[in-house]
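Trainee: can you look at this prediction? I've put the sequence above it.
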Amino acid sequence: MGKKIHLTTAQALIKFLNQQYINVDGKEFPFVEGIFTIFGHGNVLGIGQALEQDSGHLKIIQGKNEQGMAHAAIAFSKQKRRKKIYAVTSSIGPGSANLVTAAGTALANHIPVLFLPGDTFATRQPDPVLQQIEQTQSIAITTNDALKPVSRYWDRINRPEQLMSALIRAFEVLTNPETAGPVTICFPQDVEGEAFDYPEEFFVKRIHYVDRKQPVERELKKAEKIIKNSKKPVILVGGGAKYSECREELISISKQCNIPLVETQAGKSTVEWNFKNNLGGLGITGNFCANKVAKQADLIIGIGTRYTDFSTSSKTAFDFKKVKFLNINISRMQSYKLDGIQVVADARATLQELIPRLKDYKSEFGSRIQELKEEWKQERNRLRNIQFKRENFQPEIKDEFGQERLNEYADTLGTQLPQTNAVIAINDIISSDSNVITSAGSLPGDMQRLWNSTKPNTYHVEYGYSTMGYEIAGALGIKLAEPEKEVYSFVGDGSFLMLHSELVTSIQYHQKINILLFDNSGFGCINNLQMEHGSGSFFTEFRTADNKILNIDYAKIAEGYGAKIYRVNSIESLKEALKDAEKQKVSTLIDIKVLPKTMTDGYESWWNVGVAEVSAKESIQKAYQEKVEMRKKAKQY
């Protein structure tokens, strides 16, 4: 029998976390950076006591909202390309319920994060305890069961000895590129404090090796053949390409074979925009040069992509009469998408094998790639210089909003600034190695189309779940991941109101973030959606009970927290604010008043959304018929 160590379950947990290392491409480092925590009933006397006694190398950060700190942990892992994580611990009941949205965010985006929520008593003797729910069909159900469908792995530690097998399983999932996602380990508060004689070998240094899965010869031969038989292949760069770090290989194969690159939101900035063959974002939030080239393609080479509806324009982005798909993905499930030929392997390893096999191959695109890119540059310049006029102003979004209502917003918000102008101006001014982040509303569309990333891995958009409230918490996570760089959070007023609590955390821990708050007094993106499909503007603008537009001084809120603040309503004042914000040591917020309906619209793309089949309104009837016609062009599987 080996030596035993007498520890509480919580103490054993913390000791184990300190001994987890990861090895990627021969480089080894600790996997768990630290723990975000809000202590409360159910974790303060167990996990809290263990951390106070001996936290080891783990950094401890006090969050302000469970969802917010969890999103910061997710953004940290995403920015680190899944090589490091933060754990997140919460109290029972409402605290753990607040983790559900964040768990969904991590699951949709394949981001590893470790959730350690407190739980009710395993003994059930004091039931029902404070914050415990009761269900008639089972006394075993607690709030934490809500985390099951949004966790890649879920477990509950009802006895101290269960910790060992649970944690070993958890870290296999967390460090596996194919299964990476949220892991939830629930800790009943009595068990957290119970002691057990743990085997000493459970706490030895564990190295989790992430080896690149190599493609087999059969897969390579199929891939080589289908590419050589194609005339106009297009490479779709997904998030998996970024995590695989295959930038050099993508540039090499694109140059050698004259194959254009198009990007998903998660794949953007894997290869920088100034690479000549990079045509930018594909799909609903994409630009027209990427969407045009995709329509011409007879082969889509999907690299690390899930083919979401936004990337595929609800399966209408391609000419399915002629196009085929070659899917290179570490996930076998994802490789089957759109009935493609599957290469279940690491993206970098696969491209390294394919490049020499294609040395004599060239696409038939010729100069068309550069011609399309030049066309988009001219359109972007037009968007840079849009000017508001009191009469006959033509907004980018075409619906029945009307000039009179636009004038009302201009007067109330005190601005004539279009959103497109502001986004491009920011791109021009801030340092090219700054990190930018957004998540929901109209900004992801503007950012994917208009933002030119000239340095790799500087574009961080969460669009797998499109989580409102991710933007500011995520900025904190990015700053923790890359503290030497400035980070800019692009957030709409709707998302800011949803969640901005971790702005306080950034100030508390001297982790400077810059918040660019685009205020158009409403849920502008959804207002566009409803009006473009025949409905009126119905409860998506921010108006008072007597129909007055809300004009909120968001800068004053941030100033109260201790941030450096700026109020902006023109390009000139925006430039001045950005230059000064860069000099600050404390977090900043720039309150940018922009006109509604001045974000970019779709370019040759279509989104399949639910439209009422029955309506008394002619405009909705028309929208439904347009949907019926577009569905005929979409691939059905």
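Mentor: Right, received. Where do you want to start?
Trainee: show the pLDDT at the nearest residue to Ala70 once chain neighbours are set aside.
Mentor: Using Cβ to Cβ, 6 or more residues apart in numbering and skipping residues adjacent in sequence, the residue nearest Ala70 is Ala102, 3.4 Å away. All C-beta spots, glycine's among them, are computed from the backbone N, C-alpha and C. Model confidence at Ala102, given as pLDDT, is 98.
Trainee: wait, isn't Ala223 in contact with Lys324?
Mentor: No - applying Cβ atoms under 8 Å as the test, Ala223 and Lys324 come out as separate, 11.5 Å apart.
Trainee: who's more crowded, the two?
Mentor: Neighbour count, other Cβ atoms under 10 Å: between Ala223 and Lys324, Ala223 has more, with 25 against 19.
Trainee: over to that one: give its phi and psi.
Mentor: Here is the backbone geometry of Ala223 (degrees, to the nearest 10): phi -60, psi -40.
Trainee: give me the distance between it and Asp197.
Mentor: Ala223 sits 54 Å away from Asp197 when distances are taken as Cβ to Cβ, to the nearest Å.
Trainee: helices along the stretch 351-500 of the chain, start to end?
Mentor: 368-384, 403-413, 419-429, 443-450, 470-481, 493-498 (DSSP state H, counting those that start in this stretch).
Trainee: quick one on the thing from earlier: which residues does the residue nearest to Ala70 contact?
Mentor: If you count contacts by Cβ atoms under 8 Å, 6 or more residues apart in numbering, Ala102 has them with Glu66, Gln67, Ala70, His71, Ala73, Ile74, Val88, Val113, Pro182, Thr467.
Trainee: check the gap between the second one and Lys80 for me.
Mentor: Looking back up the chat, that one is Gln67. 21 Å.
Trainee: out of these two, which sits in the more crowded spot?
Mentor: Looking at Gln67 and Lys80 with other Cβ under 10 Å, you find the greater number of neighbours at Gln67, namely 26 against 21.
Trainee: now the strand or helix carrying that one against helix 470-481, angle please.
Mentor: When secondary structure is defined by DSSP states H and E, Gln67 falls within helix 66-79. Orientation check (axes from the mean of the first three to the mean of the last three Cα atoms, to 10 degrees): helix 66-79 against helix 470-481 gives 50 degrees.
Trainee: packing partners for helix 66-79?
Mentor: Applying 3 or more Cβ pairs under 8 Å, 6 or more residues apart in numbering; DSSP states H and E, we find helix 66-79 packed against strand 32-37, strand 85-90, helix 99-109, strand 113-119, strand 459-461, helix 470-481, helix 502-508.
Trainee: the following helix or strand past the fourth one - what's its average pLDDT?
Mentor: This points to strand 113-119. Using DSSP H and E, the helix or strand that follows strand 113-119 towards the C-terminus is strand 153-156. With pLDDT averaged residue by residue, strand 153-156 scores 98.
Trainee: and for stretch 248-262?
Mentor: Rounded mean pLDDT across stretch 248-262 is 98.
Trainee: so which bits of that stretch are buried?
Mentor: Buried residues in stretch 248-262, defined by neighbour count with 16 or more other Cβ atoms under 10 Å: Glu249, Leu250, Ile251, Ile253, Ser254, Cys257, Asn258, Ile259, Pro260, Leu261, Val262.
Trainee: same deal with stretch 7-23?
Mentor: Across stretch 7-23, burial judged by 16+ other Cβ under 10 Å covers 7-23.
Trainee: now tell me what touches the helix or strand encompassing Glu629 from outside.
Mentor: Using DSSP H and E, the element containing Glu629 is helix 618-631. Residues outside helix 618-631 that contact it (Cβ under 8 Å, 6+ apart): 314, 316, 532-535, 606, 608-609, 611-613, 615.
Trainee: save the residues you listed as JSON lines, and put in distance to Gln419, pLDDT and neighbour count too.
Mentor: Formatted as JSON lines, those follow (distance: Cβ to Cβ, whole Å; pLDDT from 0 to 100; neighbours: other Cβ atoms under 10 Å):
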{"residue": "Ser314", "distance to Gln419": "25", "pLDDT": "97", "neighbour count": "22"}
{"residue": "Thr316", "distance to Gln419": "26", "pLDDT": "97", "neighbour count": "23"}
{"residue": "Glu532", "distance to Gln419": "17", "pLDDT": "93", "neighbour count": "18"}
{"residue": "His533", "distance to Gln419": "21", "pLDDT": "95", "neighbour count": "20"}
{"residue": "Gly534", "distance to Gln419": "24", "pLDDT": "94", "neighbour count": "20"}
{"residue": "Ser535", "distance to Gln419": "22", "pLDDT": "96", "neighbour count": "20"}
{"residue": "Trp606", "distance to Gln419": "22", "pLDDT": "95", "neighbour count": "20"}
{"residue": "Asn608", "distance to Gln419": "25", "pLDDT": "96", "neighbour count": "15"}
{"residue": "Val609", "distance to Gln419": "22", "pLDDT": "96", "neighbour count": "13"}
{"residue": "Val611", "distance to Gln419": "26", "pLDDT": "96", "neighbour count": "18"}
{"residue": "Ala612", "distance to Gln419": "29", "pLDDT": "96", "neighbour count": "14"}
{"residue": "Glu613", "distance to Gln419": "33", "pLDDT": "96", "neighbour count": "10"}
{"residue": "Ser615", "distance to Gln419": "30", "pLDDT": "96", "neighbour count": "15"}
